[in-house]
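Engineer: dropping a prediction and its sequence here:
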Amino acid sequence: MKHTVGKNLTAGTANTIFVVPPGYKAAVELLFISNLDANNKTVSALWRHINGATVDIDIIDSYPMSSHSYIQFSNGILIMQQGDSFIVTPEAGATQSALITFDLYKEGQVPYVGA
């Protein structure tokens with residue numbers, strides 16, 4: 001079953017959009033970030049992966065967004081583990097929002113391939 005969560009972002013602050021609940025994995029299909037500001041502003045986004053140690057994986061790093069524009073990632077799937085989170089940080093003074101669409105699976109229902 002698909003879920004979508006969204007948030008009006010607090011400018012200049014790391015905003016946690018989504019945390020995978022205990023006992024689940026999430027297949028993220030869409031990340032959408034909009035710049036609602038009348039001015040160009042930057043945005044950063046990362047996947048905080050918990051795998052014994054915390055690893056921040058930058059997805060977007062200070063990307064310049066034009067006034068009233070958006071960024072959309074939807075051509076792949078990111079499998080997140082329990083406790084992993086997705087964090088978006090807009091530039092100070094920015095008016096931005098973000099949403100993420102995902103499926104939740106009980107742990108063990110999505111095969112894990114990797115190290």
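Structural biologist: Right, received. Where do you want to start?

Engineer: give the contact list for I33.
Structural biologist: With contacts defined as CB atoms under 8 Å, 6 or more residues apart in numbering, I33 is in contact with 43, 45, 60, 65, 70-72, 88, 96-98. C-betas here are computed from N, CA, C, even on glycine.

Engineer: just for this protein, where's the confidence low?
Structural biologist: Low-confidence segments of the chain (pLDDT under 70): 109-115.

Engineer: give me the residue at the spatial middle of it.
Structural biologist: F86 (3.7 Å; CA atoms, centre = their mean).

Engineer: can you tell me the helix or strand for that one?
Structural biologist: Element membership for F86, per DSSP states H and E: strand 85-90.

Engineer: packing partners of that strand?
Structural biologist: Contacts defined by 3 or more CB pairs under 8 Å, 6 or more residues apart in numbering; DSSP states H and E place strand 85-90 against strand 15-19, strand 24-35, strand 41-51, strand 96-106.
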